[in-house]
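>>> Here you go, sequence then predicted model.
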Amino acid sequence: MTDEQLHYLRPTEQPFISAIIGTRARPTLVAQAIDSVLRQTFADLELIVVVDGPDPETQAALSMVRDSRLRVIVNPSNIGCAASRMVGVQAARGRWVAFLDDDDEWLPMKLEVQLGEAMLVPSSERDNVIVTCLLHIVSPLGDTVRPKVPYDGREPFDVWLFDRARIGNGSVFQASSIFVSTKLARALGFRAHAAHEDWDFVLRAIAEHNVRLITVRQPLVRYYRDDRTPRMSNDHKIAESLDWLDGLGNAVSRRGYAAFCLTVMAAQAADKRRFSWFWPLLMRAMRKGRPTAGQLAGFFALWLIGKPVRRHALGMLVGSPDLRLGPNGRG
């Protein structure tokens, strides 16, 4: 860590949990995220905010926070979301780390509940678990809780995550839900040049460290999904995403590979009307993956049914009573 980074470091006593937020040029949003951390029912924590490059407005906003648990690190230059998280991980003093994106919020019992789940695991195995949770998703279409069907280990994680052809699952994995030992976070790391750093982290954790994923079956994170607002991570191009997929090797199954091409990437290409990707995605899935009939049907449907129609259908699903939450996720 450089002298410039250390300049904004506020030392604290030894905490049990280190919460890590990376941020850049969004002082209002990060202030809300910080407040959600400092209001946790589990108070034995430190909050490390990594500002990704000099940012006077954000630094001024952080200087107004009067809580000794806050530690601020300013990167000398912009290094990106994944690398900023790792700056926080390396600085962490806690036995556990938890990540929060600067435009999301934790519900008050998030850390208490996840720590409780982790402590149920035999002590010899605690460095090989990731505890996650359901997300309260706030979007222009309405508020939902996802995933509707939490991961239970009955199928490969990549299939559960990528196979969007299965109606009603709503599978999602997001960094703001991750609770993991500091030891594992340092050993595994977020890869700075991975196209999908959150997915990359958990897929490699399972493949390389035989990590067990535990999902707390209640929403503990408020995740704001608004297509109009860019998140800190980059908007990845399809080719970069496919290169990332190929680089995963044995961390992704053939069925998961096909699902990523035919549902995840196809949705992006179809929404942008990039018809030149139709055959490359289909051929790649057939050659390197093992597509199911449902995935193939979903692939063709994506190109035939426009995004407005799909969004309308999703809006009707979101509006169902069992999924609906308070207005704007704040009630």
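It's in.
>>> can you give me the strands for this protein?
Under the criterion DSSP state E, the chain contains strands at 17-23, 45-51, 70-74, 96-101, 105-106, 129-139, 142-146, 179-181, 212-224.
>>> pLDDT on the shortest one, on average?
Across strand 105-106, the average pLDDT comes to 98.
>>> Dump the strands of the chain into JSON lines; add mean neighbour count and distance to residue 251 as well.
Every C-beta, even on glycine, is put in place using the N, C-alpha and C of the backbone. JSON lines is the format used below for the strands of the chain (neighbours: other C-beta atoms under 10 Å; distance: least, C-beta to C-beta, whole Å):
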{"stretch": "strand 17-23", "mean neighbour count": "27", "distance to residue 251": "24"}
{"stretch": "strand 45-51", "mean neighbour count": "26", "distance to residue 251": "27"}
{"stretch": "strand 70-74", "mean neighbour count": "22", "distance to residue 251": "30"}
{"stretch": "strand 96-101", "mean neighbour count": "25", "distance to residue 251": "20"}
{"stretch": "strand 105-106", "mean neighbour count": "24", "distance to residue 251": "28"}
{"stretch": "strand 129-139", "mean neighbour count": "23", "distance to residue 251": "14"}
{"stretch": "strand 142-146", "mean neighbour count": "21", "distance to residue 251": "23"}
{"stretch": "strand 179-181", "mean neighbour count": "23", "distance to residue 251": "17"}
{"stretch": "strand 212-224", "mean neighbour count": "19", "distance to residue 251": "14"}
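>>> pull the CA atoms of stretch 258-265 into PDB?
What follows is stretch 258-265, C-alpha atoms only, in PDB (Å, rounded to 0.1, in the frame of the first residue of the first chain):
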ATOM      1  CA  ALA A 258     -24.200 -23.700 -23.500                       C
ATOM      2  CA  ALA A 259     -26.500 -21.900 -21.100                       C
ATOM      3  CA  PHE A 260     -24.200 -18.900 -21.000                       C
ATOM      4  CA  CYS A 261     -24.100 -18.600 -24.800                       C
ATOM      5  CA  LEU A 262     -27.800 -19.400 -25.500                       C
ATOM      6  CA  THR A 263     -29.400 -17.500 -22.700                       C
ATOM      7  CA  VAL A 264     -27.100 -14.900 -21.000                       C
ATOM      8  CA  MET A 265     -25.200 -13.700 -24.000                       C
END
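>>> so how far is that stretch off the chain centroid?
Centroid separation for stretch 258-265 versus its chain: 19 Å, with C-alpha atoms, centre = their mean, to the nearest Å.
>>> Residues contacting it, please?
For stretch 258-265, the surrounding residues in contact (C-beta atoms under 8 Å, 6 or more residues apart in numbering) are 158-159, 162-165, 238, 241-242, 245, 252, 277, 281-282, 284-286, 288-292, 295-296, 298-299, 302.
>>> Mind giving me the PyMOL select for those, buried ones only?
In PyMOL, this line selects whichever of these come out buried by 16 or more other C-beta atoms under 10 Å:
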select buried, resi 158+159+162+163+164+165+238+241+242+245+252+277+281+282+284+285+289+291+292+295+296+298+299+302
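>>> Among the contacts of stretch 258-265, which ones are in helices?
158-159, 162, 238, 241-242, 245, 281-282, 284-286, 288, 295-296, 298-299, 302 (DSSP state H).
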